[in-house]
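Visitor: based on what follows, work out the 3D shape:
(2 chains)
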Amino acid sequence: MVNYTSNEPMHQSRAKGGGPVHGSLSEQSLIYLQIARMLEDDILRGIYREEEQVPSTNELARAYNINPATAAKGINLLVAGGILYKRRGIGMFVAPGAGEKVRDKRRAAFYEGYVRPLIREGRSLGLDEGALLDMVARAAQEGESET
Amino acid sequence: MTTRETNALMARGVCKAYGQLKVLDGLDLTVEPGKIYGLIGRNGAGKTTLLSILTAQNTLDAGEVTYGGQPVWENQWALDHLCFSRELQPTQNGAQNPQKVRDYLRAAAAFLPRWDREYAARLLEEFRLEPRKKIGQLSKGQMSMVTILVALASRAPVTILDEPVAGLDVVMRERFYRLLLDDYAETGRTFILSTHIIEEAASVFEEVLILDRGKIVEHAPTEELVGQFAYLSGAEEELDRACAGLQVLSEERVGRRTTRAVRGTPEALEAAGAFDVDLAPMNLQNVFVALCGHGDER
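Guide: The predicted structure is shown next:
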């Protein structure tokens, strides 16, 4: 559960106000995981590109009113995952291929956190594989006609 | 900073009773330099007593408090490194406290060897405090501002604040956390804060100290502690299977659905989530209630 890739679906059982975490911190998830996730989101959106510098621990601490050690923990998580790297004496930078890494990780988390619960919930409602696939296809079509 | 300023503040076996009432009962605590600590405990748990004993402003019945290995009691060197900015009293001997803010700050400057006059002046302006006003005429929020001002301007290597945000509105509370973090980023000194507004302050604490029944019952990095707790809910039999290997702290029933507050390693919690139960995380406030609620639920 402290694996942040599976953090999101953990909340699904509880009513969760507030919506997406981006931009402000919610109270129901460990803060350093939220910091890591926010930076990942910003990398996915191209706000920080490869080889660009990300905010420092102290800048993050100040922006979100959090302890610098907590901000550092979030950053270190991304360093361990090869998404950020440290340039000595300068700061933290986005690693080459970071976007793809984040996407891969999110896809794996999507499978665990959304697809598998979808099957489980479907089964408890008596929907077999065929019925589920039909629903997915229909939702995809509706989604396309909306955009 | 010199090496002397990177000393730990330690309490060993501290006992304190007021008459028959045991407040601290063999309390152990190590406050390492360079961290922001949050001290939480229920009303009457002895937070203020502990903080005053740590700074030799109160006697103890047994045990010892040391700073840098030296007892703090009647030790000017140790006391020069510690600042406990106490809550101001609006009354004195039954009458309005007649001391002026200006005189209170002068006294603080005289007692605190690292007093930063320029910082104090800046904070006085930021808080829009009127130096000529009497302490007894200040609002509760303004009194909190004076104690915060003294704590920050003391520049003491170990700075202790007791309920600093009590009486402050939400804007001022945010500003206080910001000032605290700015100061901490600049100086890296040690802060100990006691508060009842737990969730709001949780993100500022690096480590949390929970005082209960006369002892520090939890002392851990805030997020590490919070990550050990969760709510599990579902049907009883399935919940029993999921809770194997977890400590159950409390239970609540709504119809046939049971919710339990549980504690375990992150791995054990994750394993519990694989059963047909709902797993929801806690925040620090939930953790505090789960640990210190002591059957007050009914």
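Visitor: contacts for the helix or strand containing B:Ala107, please.
Guide: Secondary-structure element containing B:Ala107, defined by DSSP states H and E: helix B:101-111. Contacts to helix B:101-111, defined as C-beta atoms under 8 Å, 6 or more residues apart in numbering or on different chains, come from residues B:88, B:115, B:117, B:120, B:124, B:129-135, B:138, B:146, B:149-150, B:153-154. No exception for glycine: its C-beta is placed from N, CA and C like everyone else's.
Visitor: and the strands in the stretch 1-150 of chain B?
Guide: Assigned by DSSP state E, counting those that start in this stretch, the stretch 1-150 of chain B shows strands spanning B:9-18, B:21-31, B:36-41, B:62-67, B:70-71, B:82-85, B:91-92, B:95-96.
Visitor: again but with chain A, I slipped
Guide: A:84-87, A:91-94 (DSSP state E).
Visitor: where does chain B have low pLDDT?
Guide: Scanning chain B for pLDDT under 70 picks out B:1-6, B:295-298.
Visitor: residue numbers of it in contact with chain A?
Guide: B:35-36, B:174, B:177-178, B:181-182, B:184-185, B:199, B:203-206, B:221-223, B:226-227, B:230, B:233, B:266, B:269-270, B:273, B:278-281, B:283 (C-beta under 8 Å from any C-beta of the partner chain).
Visitor: try 7 Å
Guide: B:36, B:174, B:177-178, B:181, B:185, B:199, B:203-206, B:223, B:226-227, B:230, B:266, B:269-270, B:273, B:278-281, B:283 (C-beta under 7 Å from any C-beta of the partner chain).
Visitor: so which of those are in strands?
Guide: If you go by DSSP E, these have B:Ile36, B:Ala230, B:Asp278, B:Leu279, B:Ala280, B:Pro281 in strands.
Visitor: state the pair within those that is farthest apart.
Guide: Spatial extent of these (C-beta to C-beta) is set by the pair B:Ile36 and B:Asp278 at 33.7 Å.
Visitor: re the thing from before, relative to chain A, which of the ones in strands among the residues of chain B next to chain A is nearest.
Guide: B:Asp278 (3.4 Å; C-beta to the nearest C-beta).
Visitor: find the nearest non-adjacent residue to B:Gly188, please.
Guide: B:Gly34 (4.9 Å; C-beta to C-beta, 6 or more residues apart in numbering or on different chains).
Visitor: so that neighbour makes contact with B:Ala185?
Guide: No. Contact criterion C-beta atoms under 7 Å: B:Gly34 and B:Ala185 do not qualify, at 11.6 Å.
Visitor: what's the end-to-end length of stretch B:56-76?
Guide: Start and end residues of stretch B:56-76 are separated by 10 Å (C-alpha to C-alpha, to the nearest Å).
Visitor: what do you get for stretch B:122-133?
Guide: Terminal-residue distance, stretch B:122-133 (C-alpha to C-alpha): 18 Å.
Visitor: just give me how far it sits from the chain centre.
Guide: In this view, stretch B:122-133 has its centroid 26 Å away from the chain centroid, taken as C-alpha atoms, centre = their mean, to the nearest Å.
Visitor: for stretch A:137-147, same thing?
Guide: The answer for stretch A:137-147 is 24 Å, by C-alpha atoms, centre = their mean.
Visitor: CA atoms of that stretch as CSV?
Guide: Coordinates of each C-alpha in stretch A:137-147 appear next as CSV, following Å, rounded to 0.1, in the frame of the first residue of the first chain:
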residue,chain,number,x,y,z
ALA,A,137,-15.7,-1.3,-26.4
ARG,A,138,-18.9,0.7,-25.9
ALA,A,139,-17.2,3.1,-23.5
ALA,A,140,-14.3,3.5,-25.8
GLN,A,141,-16.7,4.4,-28.7
GLU,A,142,-18.7,6.8,-26.6
GLY,A,143,-15.5,8.4,-25.4
GLU,A,144,-14.4,8.9,-29.0
SER,A,145,-17.7,10.4,-30.1
GLU,A,146,-17.5,12.9,-27.2
THR,A,147,-14.1,14.3,-28.2
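Visitor: neighbours of the residue lying closest to B:Arg263 once chain neighbours are set aside, just the number please.
Guide: Among residues not flanking B:Arg263 along the chain, B:Gln247 sits closest, at 4.4 Å (C-beta to C-beta, 6+ apart). Neighbour count of B:Gln247, defined by other C-beta atoms under 10 Å in any protein chain shown: 13.
Visitor: if I look at B:Gln247, how far off is chain A?
Guide: Going from B:Gln247 to chain A by C-beta to the nearest C-beta, to the nearest Å gives 16 Å.
Visitor: quick one: residues contacting that residue.
Guide: By C-beta atoms under 7 Å, 6 or more residues apart in numbering or on different chains, B:Gln247 lies in contact with B:Val262, B:Arg263, B:Gly264.
Visitor: which one of those is nearest A:Leu125?
Guide: B:Val262 (28.2 Å).
Visitor: mind listing what that closest one touches?
Guide: B:Ala230, B:Leu232, B:Cys243, B:Leu246, B:Gln247, B:Val248, B:Leu249.
Visitor: one more pass at 6 Å, please.
Guide: B:Ala230, B:Leu232, B:Leu246, B:Val248 (C-beta atoms under 6 Å, 6 or more residues apart in numbering or on different chains).
Visitor: quick check: bridge partners of the second one?
Guide: B:Leu232 has these beta-bridge partners by DSSP bridges: B:Arg260, B:Leu279.
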